[in-house]
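# turn this into a structure:
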Amino acid sequence: MKEISDKIRNAKSEADALSVIYNNFRAIYDLNEIKSLKNIVYTNDCGAIVNKHLHSKRIPTEHFYLGLNLIGCTTTMINKVHRVYVNYTYEIKRIHGNTAYISDLNKEFPVALEDLSRYFKLPYARTCHSMQGLSVDGEITIF
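Predicted coordinates for the structure are as follows:
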């Protein structure tokens with residue numbers, strides 16, 4: 001991506017810059033055209049639409065499952081013991097009954113399945129603000 005942004009920045013004319021863009025980017029007009037699992041959106045509302053669409057295509061029958069990565073959507077304490085941070089990545093390590101055990105790479109902590117959507121969002125779309133400073137490998141779609 002840096003190589004592409006350098007080509008755009010160093011273009012000698014607007015036409016050269018547009019040529020770099022047209023040769024390296026593709027416009028989509030329907031959510032079914034999304035091929036990437038990492039997407040950048042401007043608003044959280046748009047992110048919720050993209051997350052819901054992509055998640056339903058992957059596992060249409062289950063909302064939360066083992067191994068699913070989740071993104072913290074608020075900085076808060078869960079059960080007054082476990083801190084969740086906004087934009088951090090977490091993983092569902094196991095599910096037992098109505099409880100998911102979430103890992104933050106240091107420890108596992110329990111969260112009621114009914115509360116997961118309150119503290120976490122799906123990982124397929126993140127706002128441009130939350131992506132600042134992160135490196136992304138592979139294809140992305142920008143909304």
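# relative to residue 116, how far out is residue 83?
Going from residue 83 to residue 116 by Cβ to Cβ, to the nearest Å gives 16 Å. For every residue, glycine as well, the C-beta is placed using N, CA and C.
# these two: which is more packed in?
residue 116 (18 against 12; other Cβ atoms under 10 Å).
# quick check: which element contains that one?
If you go by DSSP states H and E, residue 116 is part of helix 116-119.
# which strands or helices does whatever helix or strand comes next after that helix pack on?
Downstream of helix 116-119, the first helix or strand assigned by DSSP H and E is strand 120-121. Applying 3 or more Cβ pairs under 8 Å, 6 or more residues apart in numbering; DSSP states H and E, one finds that strand 120-121 contacts helix 44-58, strand 69-72.
# quick check: buried residues in the lengthiest strand in the chain?
Counting by DSSP state E, the longest strand found in the chain is strand 89-96. Burial within strand 89-96, assessed by neighbour count using 16 or more other Cβ atoms under 10 Å, is assigned to 90, 91, 92.
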